[in-house]
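Asker: this one's sequence-less:
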């Protein structure tokens, strides 16, 4: 079971990294676009048509693509001030239950976004100036939420296994600051 979970965690971590790589690329493109737009406005008094819309849709990719990766490197804040004082079993029961609750929340979010994909595709909704269709960005958001749900599920399983396994307990507590 440990080997399967560790292999799945490694595969999920790589998928999260590649998704986060997209956000790294997007932030560079956003910075260049905003810089060029600002300089054109300052020196030539001409702006890039639709730059606001482009930044807006790129920002949606940037935000959602980084969440799962941040979870894989345990960069999200864990408030464990009181949980640390519990006995080991109770500590990881509470931590596991909150991880399961987080997983369920992300599954509901992914489900809601999945419903939005067909709505946006059917309506043909697009941005105002450049007429960029919105449904592809909802697909990206769905994938990001689904990947985050999978990563949270693996963390929840590890937390519940840490009730009896000191190796997982040490691994999890090493991420608590």
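Answerer: On my side now, so go ahead. All figures in this text were calculated on a predicted structure; none of them were measured in a lab.
Asker: which residue ranges of this protein form helices?
Answerer: With helices called from DSSP state H, the chain shows them at 2-43, 51-72, 88-123, 135-161, 166-174.
Asker: what sits up against the last one?
Answerer: Counting contacts by CB atoms under 8 Å, 6 or more residues apart in numbering, the residues outside helix 166-174 that touch it are 2, 88, 92, 95, 158, 159, 161, 162. For the C-beta atoms, the positions are set from N, CA and C on the backbone; glycine is no exception.
Asker: compute the inter-axis angle for it and helix 2-43.
Answerer: Calculated by axes from the mean of the first three to the mean of the last three CA atoms, to 10 degrees, helix 166-174 forms an angle of 20 degrees with helix 2-43.
Asker: leaving out the residues flanking it, which one is nearest to residue 27?
Answerer: Spatial nearest neighbour of residue 27, excluding adjacent residues (CB to CB, 6 or more residues apart in numbering): residue 62 at 5.7 Å.
Asker: and the nearest residue to residue 99 once chain neighbours are set aside, how close does it get to residue 144?
Answerer: Nearest residue to residue 99 in three dimensions, chain neighbours excluded: residue 156, at 3.5 Å (CB to CB, 6+ apart). Distance of residue 156 to residue 144, computed by CB to CB, to the nearest Å: 19 Å.
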